[in-house]
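# Could you look at this predicted model? Sequence included:
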Amino acid sequence: MDLLYNNNKLLMFHIASGFSIIASAFVILFAYFFPDSYSVYNKYLLSQAKGQDIVTLFLVLPPMIFVLVKSLNKSVAASLFLAGCLGYMFYTYVTFSYLTYARLSLIYIAIYSISLFGLIDFFININYSRVAVYPSKTSINKFTSFYNITIGLLIALLWLKDLSVSLITGVIPKEILLNNGSSVVYANDLGFFLPAIVLSGILLLKKTTFGFILTEVVLVKEVMMGAAILGMIYVMYLDKQPVDFGMAVVFAVITILGLATTILFYSQMFGKKQSNR
């Protein structure tokens, strides 16, 4: 599968991935040993931060290190998976950066900025005209397309409901009040992440190369973010913070289904002859 022009052109992508791994591990461990790093957070946000840090440290960074090594060895599947991991890093730390000021904000900004430019480098250096092996199982592609479109629209409708009610009534959504008055999650999701999910599904249905690649990247980010949300909910429950158990079940189902969809979709890449000229 001749997906990349030249692995050497992905230098920024690989540097950004390596930096994100090291910097993320540093800020998580720093916050563990110096709890005052999160002193500006209320108890609700603190529980979320701790939950996401646990998931990032133990469930995101290890596979990210593994696929970085594989990507350096010119594995196409690993490169796509790594881009999804970098998407998770970008989303996570842009959220931390805009949520509220914290002691580690400078490093948060560095991680999300470098992750963004690493992703740009990745998409610039993909050889769109030479992708010779497009997944042949139409049923898997259609299922993945409808999954992404459905999930993207479902979450968008939930967030739009909250903001629309607030617009009409003037009552600030409870989630914003609990998050120190920040609407960054609504902004990130409605501004670029959910549209990207829906777009990946539409383009995949149209059998475009970019749709295939974007879907590979988005699926990984979706699963990792789903795991992070479940981690947040678990720690919030332990810390006796308010938990919407209905939403917890919804995100658990979405994460499990997303993991199964990701494994199924990625399985199409294996067993095919790949070439990285």
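Here it is on my side, so go on. Numbering: from 1, shown residues only.

# From the chain's centroid, how far away is the helix or strand of the chain with the lowest mean pLDDT?
Taking mean pLDDT, DSSP states H and E as the measure, the helix or strand of the chain with the lowest value is helix 174-178, at a mean of 89. Centre-to-centre, helix 174-178 and its host chain are 22 Å apart (Cα atoms, centre = their mean, to the nearest Å).

# Could you do stretch 166-180 as well?
Worked out by Cα atoms, centre = their mean, stretch 166-180 lies 25 Å from the chain centre.

# How about stretch 183-202?
11 Å.

# Tell me where the chain is predicted with low confidence.
Along the chain, segments meeting pLDDT under 70 span 1-8, 127-136, 270-277.

# mind checking how far the residue in the chain sticking out farthest from the centre is from residue 186?
Ranked by distance from the centre of the chain (Cα atoms, centre = their mean), the top residue is residue 169, with 32.4 Å. Distance of residue 169 to residue 186, computed by Cβ to Cβ, to the nearest Å: 16 Å. Yep, even glycine has a C-beta here, placed from its N, CA and C like the rest.

# Need phi/psi at the residue farthest from the centre of the chain.
phi -90, psi -20 (degrees, to the nearest 10).

# In contact with it, which residues?
With contacts defined as Cβ atoms under 8 Å, 6 or more residues apart in numbering, residue 169 has no neighbours.

# and it, how far is that from residue 162?
For residue 169, the distance to residue 162 - Cβ to Cβ - is 11 Å.

# for residue 243, same thing?
Counting by Cβ to Cβ, the gap from residue 243 to residue 162 is 17 Å.

# Also residue 35?
31 Å.

# Who has more neighbours out of the two?
When neighbours are counted by other Cβ atoms under 10 Å, residue 35 and residue 162 differ, and residue 162 comes out ahead with 17 against 10.

# Quick check: the more buried one touching residue 171?
No - with contact defined as Cβ atoms under 8 Å, residue 162 does not count as touching residue 171 (10.1 Å).

# State the number of residues packed around the residue nearest to residue 50 when sequence neighbours are not counted.
Nearest non-adjacent residue to residue 50, counting by Cβ to Cβ, 6 or more residues apart in numbering: residue 235, 5.0 Å away. Counted with other Cβ under 10 Å, the neighbours of residue 235 add up to 20.

# Check which residues of the helix or strand where residue 265 lies are buried.
Using DSSP states H and E, the element containing residue 265 is helix 245-267. By neighbour count on 16 or more other Cβ atoms under 10 Å, the buried set for helix 245-267 is 248, 251, 254-255, 258-259, 261-262, 264-266.

# Next, count neighbours for the residue nearest to residue 237 when sequence neighbours are not counted.
Nearest residue to residue 237, sequence neighbours excluded (Cβ to Cβ, 6+ apart): residue 243, at 5.2 Å. The tally of other residues near residue 243 (other Cβ under 10 Å) stands at 15.

# my guess is residue 79 contacts residue 69, does it?
No - assessed by Cβ under 8 Å, residue 79 is found out of contact with residue 69, at 11.5 Å.

# Among these two, which residue is more densely surrounded?
residue 79 (29 against 11).

# could you list every residue that touches the residue lying closest to the more buried one once chain neighbours are set aside?
Excluding the flanking residues, the one nearest residue 79 by Cβ to Cβ, 6+ apart is residue 71, at 4.4 Å. Contacts for residue 71 were tallied using Cβ under 8 Å, 6+ apart; they are 10, 14, 17, 78-79, 82.

# just to revisit the earlier point, please name the residues that touch the residue nearest to residue 50.
Applying Cβ under 8 Å, 6+ apart, the residues near residue 235 are 47-48, 50-51, 54.

# Can you tell me how far residue 237 is from residue 175?
Using Cβ to Cβ, residue 237 is found at 17 Å from residue 175.

# Where do the helices of the stretch 51-200 of the chain begin and end?
61-72, 76-99, 105-124, 138-169, 174-178, 184-188, 194-205 (DSSP state H, counting those that start in this stretch).

# looking at it, residue 90 is touching residue 120, isn't it?
No - using Cβ under 8 Å, residue 90 is not in contact with residue 120, being 10.4 Å away.

# Now the closest residue in space to residue 65 that isn't next to it in sequence: which helix or strand?
Take residue 65 and drop its neighbours on the chain: the residue closest to it by Cβ to Cβ, 6+ apart is residue 21, 6.0 Å away. Assigned by DSSP H and E, residue 21 falls within helix 11-33.
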